[in-house]
Structures are given as structure tokens and as C-alpha cells.
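*Asks:* Would you be able to build a 3D model of this:
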Amino acid sequence: MNNNKMTLGEFFKECYAKKGWFVISVFVMIVLAVIYLVITPPKYTKKAQVMVRDNNALSGLMGQMGGLAEIGGLMGIGGSSNVYNELHAMQSPWLLLTVVRQMNLDMSYVVKGIRNKDLYGEDLPVTVKFDNLTDEDDVSMKLDLKKNGELKVYKLKKNKDKFDDELTGRVGQTLKSSIGNIEIKATPYLNKMEDDEMTITVRRTEPMAVVDRISKTNLTIAVENRDATIIDIKYKDVSKQRATDVINAVVAEYRKESSEDQDAQTAVSERYVAERLASLENELKGLDTRVADYKSKTLMPDIEVMAKAYADGAKDISQAHMELKSKIYLVEAIRDYLRDESKKDELLPALLITEKDGGLGDQVEAYNSLQLQRNKIVASSSKESPLVKDFDRQLAAMHDAVLASAENAIKQLKMQLKGVVEKENEGKQLLASAPKKYIAGLGDERDWKVLNEVYVFLLQKREEAQMSKALKNDVRLLTPPLGEKKQTSPKKGSILICAFLLGLFIPASVIAIKEKGKG
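*Replies:* Model (predicted):
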């Protein structure tokens, strides 16, 4: 072995010789750990569980109703809820931003001391509101508050600008300052202040910065079991009550937004279906009259009399012909809806897109989702907002893409229809012996069947929309926010053990480095 290298035994002897270093190092680390535990406010964790409900009851009901069961998948009816989609919806920045604004989580009230105290709920004697602030502004100030309601405001700061204002007044007054009006209101807990006077550091933080902090450090939403539709929600905070309130607010806001989104899409679809039904009724009345008059004048025999003249595949060809005509009718209706400038900012009628429509259905769903987000932002700001204009550009591009897909779908369907018509013409030659007056009436009768099939389809859709209102996807609160009394962080035992080990590691490292330098 190289004599310049220290053996393990020699290293331990050297450490024992310098045992004073270890004692001092461990003592200092333990003291620092204790100081950290003393000055760091404890945090508590509240946990809740929610279950995303399935519409299995609706699926069974639709199965009993025959034709309606085949329309499953449209509007989310007849299938299981996608729990991961709901999880992402609960975590969305927009939902959290709404919760932050509702609960005023962008405002913080702190009493400085050896251990800072965050005031919330029953600990908060007053609330402060700053006027004329934008969403990007950060504001802070000091507030000296007395139990009798007298107060003093000073050390005002807005973003990077500091102000020398010193304002006095009473709770309930609106103070005029260099950063705008400051409204200070008493809470029911003002008279329950433990001290006759306290100094509160009031801070207003940019709401989106609060959302980012909450999603990264406070709020955890996850699916623990992939085979279940149960979502676990955890919130960590220095205030137990605030953790409970935030979880309840997130669940309540999710329910509200989910209900509003479903109602908006259902309303658009119902309105469109009603318009199309009225139009189809007029067309069917005209065809009913023409078919009845033609049969009455020509004494045309019933279709069953001539059925034996068709080839074995005649029924399949006729069915394919009617299905293609129906599809063309529906896709043309979507295309005409897209071309209507008066419906530019409205949702597309997703009811008419079936699962078999593939890419077109996905595009319509994506367009409606983006349109809903845009409408929410317009409701809270204005159409001139840069974010709204960005959404408008995306929607315009998606609108053109959906319109192009509809046009392509119509072309493809017409090509398929042309092939079916050619086969149908071949079949008609087999009916050369049939009376010409019967063949002449086939056009109106076929049109009547096509329109009648579309009419029945729209009636089913109207009933489906009504059922979806009664049986919405929702979340059921399985476990309300609960948590232990003891703090979850900082963990005293872990910190003290780490401090002890660090106290041993530092002098040992110094000794090892010194001996390596000598070698």
C-alpha cells in the first residue's frame, strides 16, 4: 500500500485527536437547526377525496330506449368520465386564479416577530383593499393598528417604487395615498385582538404569481388508483382554516365551471336542433303531399309488390344511399353554420358530429373548448384584451381548418354517393319490366325517407340533450378536508438528525482534505 495514503484506522485516530472539532461542529449545527425550527412557522396539511361520477345510469336508460343507445359517445353521454381530464381541469390556472380572486389569496397579512404570524380567519382583525391596481402590480405597506380602531399606514411600496406617505385614520375609512385609495375594513374579530396594538405587514401579490406558488408548493391533486375515479386533494399551509377553505373553494369552482360548460354546449345544440327541425318539418310536409298525390293519381302499387324484382343486394345499396345522403345533409349543415358570420363567436353544434366522423368531430370539440375559454376571459376582461385577441387568432385558424375539413368530407361523401348511385342504376335495369310510373315516384319517396331519418335523428338528439341536463357529470365529495393537529413541516426529528450528521461530516471532511494535501 502507498505510504502516502492514510488508512482508515489512521483517519479515525486523527478524528479522535480532533474530537473537539466534532463537538463544536455538532453543537453549532444543532443550535442552527433549533433556531430554524423556532423562526419557521409550522405548516399543516389538509386532505380531501372526491369521486368523479360516471353516467352509467344514463347508459342503461338509453339501452332500454333502443335507438338512443346507438348515439352514445356524443356529448359525453353513455360513457365513463375521463378522470384524468377532470384532474387537469381542477389544476387549471384559470380555475385557481378564480379561487385566488374569490378568497383574496393575493392579500397577505403578517405580524413580524421571532416567528412571523400569518393572519387569517379569526386571527385577522381588518381587511385592506387597494383601488386602481392592475393584475401585474405588487403592493406592500405597514399598518399600525390599535384595538380601538385607530390606525397608521406607512412604508408604502408599489412594484419598485417607494413612497414616504404617513397616513392616519380609523378602521372603516378610505385613505388617499400616492398609490391610490386604500380601504380598510374591520372584521368581526377586531375587538378580540390579544394585544392593544399590533403592526401588520400588508402585501398584495400579483394574482398569477400566487397561482404559480399554490400549484407548485401548496396544492397537490393526484389520482392514486388508476382503476378508480377518485381524486386526492392535498393543501399545505401555515393556516389550517385556509387550507380547508381553499380545498372547498377548488371543488366548488370546479363544479360551477363544469356545469356552465355543459349548459353552454347543450344550449347551442338545442337551439340549432330546434331550427333544423322546424326547417325539416316544412320540407317533409311538401314531400308528404307530393308522394300521396302521385300514388293517388297513378294507383302505384305498394313497394312490397315489386320487392321480388330487386337483386339480393338491392336493400343494402338503398340503405347505403340513404346513409350517405343523410351524412351529406348533416355535414353541409355544419358547413353552412361555419359560413354564417352572425355565429362567429358561438359554439359549433357538436350534436351533429357522430363518432364515425373521426377528425371532423375532434376538430369541432377542440374548437368549442377553445371558444369556451375565450368567452370566460371576455366575461372577466374585454374583447380588446391581448389574451382575447390571441384566442381570436387561434379560433380563426381553427375555424378555417374545420371548414376545410367539412368541405373535404362533403367531397368524399359525394364521391362515395356517386359510386352507390352507379350500383343503384345497375339495379334499376333489373326493374325494366316494372311500370314506369313506379320508377318515376322513387325520387320523392327516397327524399322523404332521407329527410324523415334526419328528422328522427334530431328528435333523438333533442331528448338526449334534455337527459344530459338531468344527469350531468359531477364530483362527489367522499372525504371533506381533514388533517392531523400536528404540523407536517418542518419535521423536527428529521432536521435535528440531519444537523447532527452534518456536524459530524464537516470536520471529517476538513481532516480528510488536509491529510490529502499533505500526501
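
*Asks:* Leu451: neighbouring residues, count only.
*Replies:* Residues lying near Leu451 (other C-beta atoms under 10 Å) number 20. For the C-beta atoms, the positions are set from N, CA and C on the backbone; glycine is no exception.

*Asks:* Next one: it from Leu458, what distance?
*Replies:* For Leu451, the distance to Leu458 (C-beta to C-beta, to the nearest Å) stands at 11 Å.

*Asks:* residues bridging contact with those two, i.e. touching both?
*Replies:* Taking C-beta atoms under 8 Å, 6 or more residues apart in numbering as the contact rule, Leu451 and Leu458 both touch Leu280.

*Asks:* ok, and for stretch 250-258, which residues are buried?
*Replies:* By neighbour count on 16 or more other C-beta atoms under 10 Å, the buried set for stretch 250-258 is Val250, Val251, Glu253, Tyr254, Glu257, Ser258.

*Asks:* Is the first one in contact with Leu95, as I believe?
*Replies:* Yes. Assessed by C-beta atoms under 8 Å, Val250 is found in contact with Leu95 at 7.1 Å.

*Asks:* And the strands in this structure, which stretches?
*Replies:* Secondary structure of the chain, counting by DSSP state E: strands at 44-52, 107-111, 117-118, 126-130, 139-146, 150-158, 161-163, 167-170, 174-177, 180-186, 197-204, 219-222, 230-237, 475-482.

*Asks:* Sheet-wise, list the partners of the fourth one with their directions.
*Replies:* Read that as strand 126-130. Strand pairing for strand 126-130, using DSSP bridges, gives strand 180-186 (antiparallel).

*Asks:* same deal with the shortest one?
*Replies:* For strand 117-118, sheet partners with direction are given as strand 107-111 (antiparallel), following DSSP bridges.

*Asks:* and the angle from the strand it pairs with to strand 197-204?
*Replies:* 150 degrees (axes from the mean of the first three to the mean of the last three C-alpha atoms, to 10 degrees).

*Asks:* circling back: can you flag the weakest of the strands of the chain by average pLDDT?
*Replies:* Comparing mean pLDDT across the strands of the chain, the weakest is strand 475-482, with a mean of 78.

*Asks:* List the pairing partners of that strand within its sheet, with orientation.
*Replies:* Strand pairing (DSSP bridges) places strand 475-482 next to strand 44-52 (antiparallel).

*Asks:* For the partner strand, which outside residues touch it?
*Replies:* 81, 83, 86, 228-240, 243-244, 247, 251, 473, 475-484, 487-488.

*Asks:* quick check: angle from that strand to strand 230-237?
*Replies:* 160 degrees.

*Asks:* Output strand 44-52 in PDB with nothing but the alpha carbons.
*Replies:* Provided in PDB are the C-alpha atoms of strand 44-52 (Å, rounded to 0.1, in the frame of the first residue of the first chain):
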ATOM      1  CA  TYR A  44     -50.200  21.800   8.300                       C
ATOM      2  CA  THR A  45     -51.700  19.600   5.600                       C
ATOM      3  CA  LYS A  46     -55.400  19.100   4.900                       C
ATOM      4  CA  LYS A  47     -56.500  16.200   2.700                       C
ATOM      5  CA  ALA A  48     -59.800  15.500   0.800                       C
ATOM      6  CA  GLN A  49     -61.100  13.000  -1.600                       C
ATOM      7  CA  VAL A  50     -63.600  13.500  -4.400                       C
ATOM      8  CA  MET A  51     -65.100  10.900  -6.800                       C
ATOM      9  CA  VAL A  52     -65.900  11.800 -10.400                       C
END
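
*Asks:* Fine by me, we can end here.
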